[in-house]
Each structure stands twice: as C-alpha cells, then as structure tokens.
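Novice: predicted structure and sequence below. I'll ask about it afterward.
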Amino acid sequence: MLGGIFLGIICGWNFGKKMEVVAWIGEMFLDVLKMLVIPLIVSSMIVGIAGLGDIRKVGKTGGITLAYFCGTTALAVMVGMIMVNLIQPGVGVELTTGVPERVAGKVSTGLTDIMKSFVSPNLFEAMVKMDILPIIVFSLLFGGTLTTLGESGKPVIAFFEGVNLAIMKMVHLIMLISPLGVFALISSKLGAAGGGDMFVAELMKIGKYALTVVSALLVHSAIILAGLLYLLTKRNPWIFFKNTSEALTTAFSTASSSATLPVTMECAIEENRISPKAVQFVLPIGATVNMDGTAMYESVAAIFIAQMMGIELSMMEQTIIFMTATLAAIGAAGIPEAGLVTMVMVLQSVGLPLEGIGMLLSIDWFLDRCRTTVNVWGDSVGCAVVAALEEKYVEGENAT
C-alpha cells in the first residue's frame, strides 16, 4: 500500500497529465470498495445491535459513542483554531479568485437540510445515492426491532451474520489488488492537477495555509487521539497505528471514509483485536458522523479567509465558527469534498465572503486526503475507546 502511494506520487509528479491514462483503474478500485459499503453497513449494524442484546444497552453504547465522537470533533476544531490564530497563514495573501460555480450552488443549504438528511422516504434511493445516514438510522431501528421478536427474529439475524461474514471475506480478496488501485488513484489525481510543477506552484501561493492544516491534523492525531487511546485503553498508540496502516493508506488514496469502511473494519477486528460487536456498531456510525479532520479543516479555512480579506473576527464570531464547524461536520457524508457544503455554512454563519473558497480548491484535493486519513484514524481510535469503556461498564455492573 505504501509502495503504491509513493510510486503514484513519483509517477504523477514526473509524468503529469499522462498518468490520467490509469485513472480508470483507480476509479474501478474505488467503485469496488463503494460497492461493499451499503451491504456492509446494513449487515454489520443489524448484527452489531443484535449482539448488544438488551435494547437499554444499545442506548448506553450509543450514548458513549456519540459523546466521544462529539467531544473529539470539538477538540479538533479547537486545535485548528489555535493553530490558525498562531500561524496566521492568511495575512499578506492576495485574493485572486471569485466564487466558484460549484460553490455558488451550495449557498441554499442549511442546518435544517442536514437534519432532514437523517431520514429518507425512499431507502433504495438513499442506497443508490450513497446517502449513509438514512441507512444507518434504518439499520439501527431494524436491528433493535429484531431483538424484541425472540425466536422469530433469530433466523433474520443469522442471515445478516452470514452476509456480514461474506462481505468481510470479499474485503480480504479486494485488498490483494489494493496497491495497484492506490497507485492509480494517486498518480492520476496528481497528474490531473498538473504534476509536480503545478502542485509546487499552487503550494507556493497558499503553502502557509496548507502547513497550518497539516500541522493541526498532526497535533490532533499524534497527541490528542493517541493520548486518549493510551489513557482510556492502555493500548500502545504506535502498535495500534501500524495495525491500522492499511485503512489509513486506503483513506489517503480514496479520500472517502465510507469507501474505506470495509478496510477499517477489517483492521479493527483482525489486526487490533477489537470486539466485533463494538466494531460493527461504532465504525459505520463513525464513518458518517465522526469527522475530526473535516471539522478542523473548515474552522481553519474560515479564519484563513477572514485573515486574507483583512476581516478581524471577534471572540463571539470565532465561537460561532467553532460551534458551526463542529455541528456541520457531524452531518457531512463520508465522500470526497463533502466538506464543501458545510464550508459554505460555516462562512455564512459569520458573514464571510464565499470568494475565498476558490483559493482553497486548487490544493483541496491533497488536503482532502489528509483530513480523511485523520477521520479514519479517529474512527479507529474511537472504536477501541468505546469497546474499552463498554467493557469497564459491564465489569462494574457485574460487580454491583
């Protein structure tokens, strides 16, 4: 996987647009992963809910999961805002673009639209569009209902257990061709961006901004998330990281938490030995609502745009950015550039101009991969933490 990434960077850097010839291989690899996402989420969520047993325990586990994800997302935004205020990457940068057409089309989206995205009147349409949130909500309700049916529900649960095992076996087979898929995705994307010379030229324009984002992501990943992993689970963060590396490299190459989900689950169960019950419940939710990297990116980008435009943000306005970025990222779907919609919302919350987004899009394809990798790392750490906290809760309840 690492070889595929490095070779992809070398070829894309040197051969530029010529590498677009292998784009179809990368697209096929990404499509194969996405093909598994819907059946994997449905089966794993239903099996995970059924495995938790008592419906009251589902509520407790769900509460721990959401509390942890919301807490780490808020911490990520805080880290990003501290870094961007310290480094001030937007000072002295000249705005050279207008409002991109793709951005202007997102202006009408609001928080109510995100709330409405939790349900869908047509579940099959949601599957076709890869709208993950309605599918998770349905699977939670369906799995919870099956646990109340007694003997009648057991054959249905057994069916989905078989589906889940088959999907995970397919993931094993797909991973055999993953280095080729990763190579094609990275080389073609870098080539489409104009190769190494074009990438360096864009980096020179807003390199300080890119450095701020990457630095904040590293601080959050290596200090906060790794620290929480050690404190709450007593696991070695470095060993856990190595065991998760296949999922992280897939996340970097695909820029999609959802497409990476099958690999993330395999690493959690096979490599990090996390309870399958916790994995099947936590990771599908995390891939959709736990967006540490995305939330951080949006807060950094909003303040960067304000600095670039010479707009002084008050403490109240920065607090609004903090709250909006945290809440909006939770509703962002785990697909490439989904943060664009929520970015518009964050800017509009404090009246910042949308023209600034155009400056970010030239290098967004690279930063998107970095923040997706952090999202997946946060999902994996969160899964281990929830499993450990749940185990302590059960031990305490048994002792009582």
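Specialist: Cool, the structure landed.

Novice: looking at this structure, which helix or strand is least sure?
Specialist: helix 101-104 (a mean of 58; mean pLDDT, DSSP states H and E).

Novice: and I320, how many neighbours does it have?
Specialist: Burial of I320 is recorded as 17 neighbouring residues (other Cβ atoms under 10 Å). Yep, even glycine has a C-beta here, placed from its N, CA and C like the rest.

Novice: what do you get for V37?
Specialist: For V37, the count of nearby residues is 23 (other Cβ under 10 Å).

Novice: just the element for it, please.
Specialist: According to DSSP states H and E, V37 maps onto helix 23-52.

Novice: show me what that helix is packed against.
Specialist: If you count contacts as 3 or more Cβ pairs under 8 Å, 6 or more residues apart in numbering; DSSP states H and E, helix 23-52 packs onto helix 55-87, helix 132-146, helix 154-174, helix 178-192, helix 237-254, helix 257-266, helix 276-289.

Novice: need the contact list for D31.
Specialist: Counting by Cβ atoms under 8 Å, 6 or more residues apart in numbering, D31 touches no other residue.

Novice: recalculate using a threshold of 10 Å.
Specialist: For D31, the contacting residues are G181, A259, by Cβ atoms under 10 Å, 6 or more residues apart in numbering.

Novice: same question, S215
Specialist: Neighbouring residues of S215 by Cβ under 10 Å, 6+ apart: V79, G80, M83, V84, L86, I87, V300.

Novice: before we move on, what about L30?
Specialist: By Cβ under 10 Å, 6+ apart, L30 lies in contact with G181, A184, L185, T250, S253, T254, A255, S256, A259, P336.

Novice: thought I49 was touching V282?
Specialist: No - using Cβ atoms under 10 Å as the test, I49 is too far from V282 to be in contact (11.7 Å).

Novice: neighbour count: those two, which is higher?
Specialist: Neighbour count, other Cβ under 10 Å: between I49 and V282, V282 has more, with 31 against 27.

Novice: which residue is the nearest non-sequential neighbour of that one?
Specialist: Spatially, and ignoring its direct neighbours in sequence, V282 is nearest to C383 (4.4 Å; Cβ to Cβ, 6 or more residues apart in numbering).

Novice: residues near that neighbour, how many?
Specialist: 28.

Novice: please apply the same query to K234.
Specialist: Neighbour count for K234, taken as other Cβ under 10 Å: 8.

Novice: could you number the chain from 4 rather than 1 from now on?
Specialist: Sure, I'll start numbering at 4, so the last one becomes K237.

Novice: what's the distance between it and G184?
Specialist: Counting by Cβ to Cβ, to the nearest Å, the gap from K237 to G184 is 35 Å.

Novice: do the same with M346
Specialist: Distance of M346 to G184, given as Cβ to Cβ: 28 Å.

Novice: what of T375?
Specialist: Counting by Cβ to Cβ, the gap from T375 to G184 is 16 Å.

Novice: which of those two has more neighbours?
Specialist: Neighbour totals were compared for T375 and G184, and T375 leads with 30 against 26 (other Cβ under 10 Å).

Novice: what average pLDDT does whichever strand or helix holds the more buried one get?
Specialist: Per DSSP H and E, T375 falls inside helix 360-402. Mean pLDDT, helix 360-402: 82.

Novice: specify the angle between that helix and helix 58-90 in degrees.
Specialist: Between helix 360-402 and helix 58-90, the angle comes out at 140 degrees (axes from the mean of the first three to the mean of the last three Cα atoms, to 10 degrees).

Novice: between helix 240-257 and helix 360-402, find me the angle.
Specialist: Here helix 360-402 runs at an angle of 140 degrees relative to helix 240-257 (the same axes, to 10 degrees).
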